[in-house]
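1. Based on what follows, work out the 3D shape:
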Amino acid sequence: MSESCIHKIERIWQILAPGQVFKTPDFLRGANFSISNIVSDRLKIRTKNDNIVSISKDVFVNALHYLNINGHDEKNPCEIRSSTNPELAGPLCRISRQVTSNVRCINYILPILASFNFFGINGNQPNTTWLLNSLNLGVLISGAFFQNNLYFYPEPKT
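-> Numbering: from 1, shown residues only. Now for the predicted structure:
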């Protein structure tokens, strides 16, 4: 695992806080969710249906590492292919399940990391994501804005 990926996730972990609201990547079926609790090695997400999903910090590292080692940038986006059925899920969705007891959580991980300008997300079908050129560790952006059916996160103020 890349030390750089681990370090980046460690830094943002200190900025995440309960109550922060995000939106899952799909434009048609996307839903708001929030961070309900954060501890040293995991956070808990409250879904729109009031369910709680626990996600390990290692899953965030795995997602960042996967896109990095596979060269998924804006010219080579990765299809998210999130599915409750692991056999139908894409590689990024499956890699995020390896440390979460097969819980589907990629739809929560990506928007959180995108808010730190780590990823770009296309919410059109098929949903895709890619690493941004500069992995910026600025201030958390409270939400995305949409233009031409893409998620955009303003550059953090330093």
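2. for stretch 24-41, which positions count as buried?
-> 24-27, 30, 33, 35-36, 38 (16 or more other Cβ atoms under 10 Å). All C-beta atoms are positioned from the backbone trio N, CA, C, and that covers glycine.
3. no no, stretch 59-70
-> Taking 16+ other Cβ under 10 Å as the basis for neighbour counts, the residues of stretch 59-70 that come out buried are 59-68.
4. what do you get for stretch 72-87?
-> 72, 77-82.
5. Just name the closest of those residues to residue 115, please.
-> residue 80 (16.3 Å; Cβ to Cβ).
6. Chain neighbours aside, what residue packs nearest to that closest one?
-> residue 127 (4.3 Å; Cβ to Cβ, 6 or more residues apart in numbering).
7. Tabulate the buried residues of stretch 72-87 in CSV, adding columns for pLDDT.
-> Compiled in CSV, the buried residues of stretch 72-87 are given as follows (pLDDT from 0 to 100):
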residue, pLDDT
72, 90
77, 94
78, 94
79, 93
80, 92
81, 91
82, 90
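8. how much space between the closest residue to residue 54 other than its chain neighbours and residue 38?
-> In this structure, residue 54 finds its nearest non-sequential neighbour in residue 44, 5.2 Å apart by Cβ to Cβ, 6+ apart. For residue 44, the distance to residue 38 under the criterion Cβ to Cβ, to the nearest Å works out to 8 Å.
9. So which of the buried residues of stretch 72-87 sit within strands?
-> Mapping those onto strands (DSSP state E) picks out 78-79.
10. At which residues are the strands of this protein located?
-> Using DSSP E, strands in the chain cover 21-23, 32-38, 42-46, 52-56, 78-79, 119-122, 128-131, 145-147, 150-152.
11. Any idea which of the ones you listed has the lowest pLDDT on average?
-> Mean pLDDT across the strands of the chain is lowest at strand 145-147; the value there is a mean of 40.
12. how deep is the closest residue in space to residue 108 that isn't next to it in sequence tucked in, by neighbour count?
-> Sequence neighbours aside, residue 45 is the residue nearest to residue 108 in space, at 5.0 Å (criterion: Cβ to Cβ, 6+ apart). Other residues within reach of residue 45 by the criterion other Cβ atoms under 10 Å amount to 20.
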